[in-house]
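A.B. asks: I would like the atomic coordinates for the input below:
(chains A and B)
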Number of protein chains: 2
Amino acid sequence: MPTDIEIAQAATLRKILPLAAERLGIPEDALVPYGHYKAKISLPHLQQLAERPQQGHLVLVTAISPTPPGEGKTTTTVGLGDGLSHIGKKAMICLREPSLGPCFGMKGGAAGGGYAQVVPMEDINLHFTGDFHAIALANNLLAALLDNHIHHGNALGLDVRRISWRRVVDMNDRALRQITVALGGPGNGYPREDGFDIVVASEVMAILCLADSLADLKQRLGNIVVGYTADKRAITARDLKADGAMAALLKDAMSPNLVQTLEGTPAFVHGGPFANIAHGCNSLMATRAALKLADYVVTEAGFGADLGAEKFIDIKCRKGGLKPACAVIVATVRALKHHGGGAAQPALQALQSGLANLRRHIENVQEHYGLPAIVSINRFDSDSAEEIALIEACCTDLGVRCVLASHWAEGGAGAAALAEAVVQQCENAPGTPRFLYDDAEPLEAKISAVARKIYRADSVAFEPRAAQQLKDLNAQGWGHLPVCIAKTQYSFSSDASLLGAPIGHVLRVRELRLNAGAGFVTAICGDIMTMPGLPKVPAAERIGLDDQGRIHGLF
Amino acid sequence: MPTDIEIAQAATLRKILPLAAERLGIPEDALVPYGHYKAKISLPHLQQLAERPQQGHLVLVTAISPTPPGEGKTTTTVGLGDGLSHIGKKAMICLREPSLGPCFGMKGGAAGGGYAQVVPMEDINLHFTGDFHAIALANNLLAALLDNHIHHGNALGLDVRRISWRRVVDMNDRALRQITVALGGPGNGYPREDGFDIVVASEVMAILCLADSLADLKQRLGNIVVGYTADKRAITARDLKADGAMAALLKDAMSPNLVQTLEGTPAFVHGGPFANIAHGCNSLMATRAALKLADYVVTEAGFGADLGAEKFIDIKCRKGGLKPACAVIVATVRALKHHGGGAAQPALQALQSGLANLRRHIENVQEHYGLPAIVSINRFDSDSAEEIALIEACCTDLGVRCVLASHWAEGGAGAAALAEAVVQQCENAPGTPRFLYDDAEPLEAKISAVARKIYRADSVAFEPRAAQQLKDLNAQGWGHLPVCIAKTQYSFSSDASLLGAPIGHVLRVRELRLNAGAGFVTAICGDIMTMPGLPKVPAAERIGLDDQGRIHGLF
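C.D. replies: Numbering: from 1, shown residues only, chains lettered A, B, ... in the order given. Model (predicted):
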């Protein structure tokens, strides 16, 4: 089998403007082309779409707790979209944009795999239409204006010990996690501690994903809290007069990006990934537009259903009034064995134990999120018939539909059965999404609700710094916000080594970060980092460009 | 008179693909559109162009020593291009791309002004086609790989005290000039001193501007020296296996960007500005392509003729074999008065004294660069007839053509006389460019040649650190490279307060930076910074976006 990039480069793509006209009825002048195969949908056209009645069913693709290379959630999202097209449905896909961190680090690209990819994959994985660059600059402009304000007299009285706004770069760069800035004398400002996060962790990313208009974008940018005065009064981006220029930088980035799958299914790829440290969903504007344009909209939320799916429901659906009809839970034999002890156990025994992870995700999705679950086995060549049968039996026991999907090798045809199952579910028995907590509950109750119901933790422990932050946030009146929990994706708990379906653990909250513009409070748990590092042999080392401009080594 | 952005937004632009076909004979499929009004010319088409004979005359636009808002060099470049079109010539313009630093800082945008602008001005001034973002990421990927290599065992033996590679951001952010990174314990790497430069100062920018093919780009990226071992052995980007991924990030950025002036003259806007701290010219690939596509190619080199023009000749023309025919020197009454003592003197007396600055630039351009000079007075409404006459008389004395140009208010028609003068010069008496020094001369002789001939310094003083670096660079065999002098643009000297035509001064060299990939050694002189700061009231504060997506306050 050829590599992902070889498959993608061998494909014959349709030009995006005629494809959009034919498949979605979008007129050419409502699209802004970025090359021949990518386009942004214009904001005036989005406003027109907003007035149409919603026609589409929304389907969420989520997964069991993954292993480091991922279990094929994006691949399944793309495959299901193509599968729906294959069985004659008008379908669209909504994905988040890839980050360059994993591209150059360990995991590789994030545009699907095999014969289930969005293309042009090199463009999508690298700079795409520049959205992340715009987000990074808007974030860093605010940082520069903040330090500049302090340097030029600090009229707002910011306390350099209480700056919460960090800089960002779209790179795995551990050396920037903790730094000191403004060294070297009076000409360089007031020295202070600072740090960089990866772009996807920027509040500006969350704002872009949750804003539903330019007016809303500006409002949210202005509301960002950058730090505090010595008497703990919050200072905002609006106070620094940064919101206008930040909005100008984000104008084009607000428009959803339209591309296609290898089989020509239209796809919006827009907004931020990383459901471990961020809210991890594609933009609300893209999802809403897709629901006006297609009968079936397949979207994904990052990592396992404890992370992306929870935030999809409790943050994105809550803010945006979205009503997903059902959820597809992607599982692999490989990951289930890993959860059951891996190579140390006989294969079927490991798988049998590991199924506890799948069972709990199914239970959470159905009981707590209110969504009917369909399990999709992302088939690998190495999977045995006995192994597949074991997963199917587990699902049968739970009364859950389980489908074997081979879109990776076969494209949409390989996901036709999955598509049929999804259509039946949407038409006959769609779910009614439920939130885990009410807005009115205090922050600690919200964190506790997620920890107890979804993670099955016994309790939540706030480290001293987080406990103080909790007190401050409540005192400042931010208790009404939903919570965005940042924790490892490898376990239900905040400890990456607790595989399977752990119970009796404690969710350790290290830090709380107010995202007043995005409208949530992030709780950073365990040892999760908002700036990843590169592995000993980074993927960057194998990436290259030939003299004719063809990229290789990206996957 | 409306503002620049109001004029630009009121203009009716032609779609770029048909414009390119009609004006330049470029087929549609040789262009990659970025929206409807910007496009990149494809690399295969550039390769085809390379085989055509050169048809165009190359005209350099330079200036007297400017005041902070600039004297209208870009505006004159655009106006002259339109003037040439106006008198029936097939003309093109080659500009460098704007940096976001000045946009949000003090100077504002860099796409011309009044009725002599390249458009769409908001796009060009903000993200444009993402070239600077790609350069920043390629630069910062190398930095991340470097610190990661040290973290994971440092097999190459890099000395953390001898890292020369800095990170970059496209922002004026003084707090990042001098920082410490990798604090916080073993998980975050080995602490060391570091700093950020503005993107235009990145060696990657210079490489992009000087590379003449993808193969050359890769070679140069690999040659970048990032630091040294304890025994002063150079470690390169190739040693870190970073060059392939950096090239992949820069693939699209290597293609010149095509836009248009308000009057429809085609313009390449490609590569890096800031001739004070960088070499400051647009890309060689763009200039070469333009010379195959048009009969007259107008390009600019940043700030006064002591900076941009010198580097244009000694770096860009030397590397690229370009043969400019003549130079236009832009002068304003305002700046000449400033050089003559400003408001403290009677107006005509200040102007009379300030003309010394113009005279020296004319002399340098003609005698040292070998280019016939034409003086273009960028007319302001406030200029009196006596003032204009005084400048004209000065030029007549020197036997130099002087033209009054009013393209800012009148577009190409206002620059028709300038265009006629340029055509006559190119056809009847083109110059023969001369270099200030030979490759074989040692580095100190090259720096001295620029200092003595162009700046009229008595001597060059190397501060202790620079003296040691000079010794090391010579010992390591880098003496054959040309030099790129970084100094203030406000004076011929390295002291911004020495206006007019100072003599008897000393060029103070603070630091030398090897750019082994770009192929020059930068000499940082006086107190020039490679990371600017923001003023007390940054331009960012007045920039905004309305609810329909229209940007305001950018100029």
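A.B. asks: when you work out contacts or count neighbours from here on, use the C-alpha atoms and nothing else.
C.D. replies: OK.
A.B. asks: tally of neighbours for A:R318?
C.D. replies: 18 (other CA atoms under 10 Å in any protein chain shown).
A.B. asks: what segments of the stretch 401-550 of chain A are helices?
C.D. replies: Secondary structure of the stretch 401-550 of chain A by DSSP state H, counting those that start in this stretch: the helices cover A:407-410, A:416-428, A:443-449, A:464-475.
A.B. asks: closest one to chain B among those?
C.D. replies: helix A:464-475 (16.4 Å; CA to the nearest CA).
A.B. asks: buried residues in the closest one, which are they?
C.D. replies: Of the residues in helix A:464-475, A:466-467, A:469-470, A:473 count as buried by neighbour count, 16 or more other CA atoms under 10 Å in any protein chain shown.
A.B. asks: hmm, back to that, now tabulate the helices of the stretch 401-550 of chain A in CSV and tack on mean pLDDT and distance to chain B.
C.D. replies: Formatted as CSV, those follow (pLDDT from 0 to 100; distance: least, CA to the nearest CA, whole Å):
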stretch, mean pLDDT, distance to chain B
helix A:407-410, 96, 26
helix A:416-428, 98, 35
helix A:443-449, 98, 28
helix A:464-475, 96, 16
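A.B. asks: adding distance to B:A21, write those out as a markdown table.
C.D. replies: Compiled in a markdown table, the helices of the stretch 401-550 of chain A are given as follows (distance: least, CA to CA, whole Å):
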| stretch | distance to B:A21 |
| --- | --- |
| helix A:407-410 | 42 |
| helix A:416-428 | 45 |
| helix A:443-449 | 60 |
| helix A:464-475 | 60 |
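A.B. asks: ok, which of the ones you listed comes nearest B:F312?
C.D. replies: Nearest to B:F312 among the helices of the stretch 401-550 of chain A is helix A:407-410 (52.9 Å), distances taken as CA to CA.
A.B. asks: and that closest one, how far out from the chain's middle?
C.D. replies: 24 Å (CA atoms, centre = their mean, to the nearest Å).
A.B. asks: continuing past the longest helix seen in chain A, what's the next helix or strand?
C.D. replies: If you go by DSSP state H, chain A has its longest helix at helix A:131-151. For helix A:131-151, the following helix or strand on the C-terminal side (DSSP states H and E) is strand A:158-163.
A.B. asks: quick check: angle from that following strand to helix A:131-151?
C.D. replies: 130 degrees (axes from the mean of the first three to the mean of the last three CA atoms, to 10 degrees).
A.B. asks: quick one: strand A:158-163 near chain B?
C.D. replies: No - Strand A:158-163 does not reach chain B (CA under 8 Å from any CA of the partner chain); its nearest approach is 12.5 Å.
A.B. asks: that strand: partners in the sheet, and parallel or antiparallel?
C.D. replies: In the sheet, strand A:158-163 lines up against strand A:225-229 (antiparallel) (DSSP bridges).
A.B. asks: so how far is the partner strand off the chain centroid?
C.D. replies: A distance of 27 Å separates the centroid of the chain from that of strand A:225-229, by CA atoms, centre = their mean.
A.B. asks: so in terms of bridging, what pairs with the residue of the stretch 401-550 of chain A found nearest chain B?
C.D. replies: Residue nearest to chain B within the stretch 401-550 of chain A (CA to the nearest CA): A:G544, separated by 3.9 Å. Beta bridges link A:G544 to A:H552, judged by DSSP bridges.
A.B. asks: any idea how far it is from B:A237?
C.D. replies: As judged by CA to CA, to the nearest Å, A:G544 and B:A237 stand 13 Å apart.
A.B. asks: lovely, talk soon.
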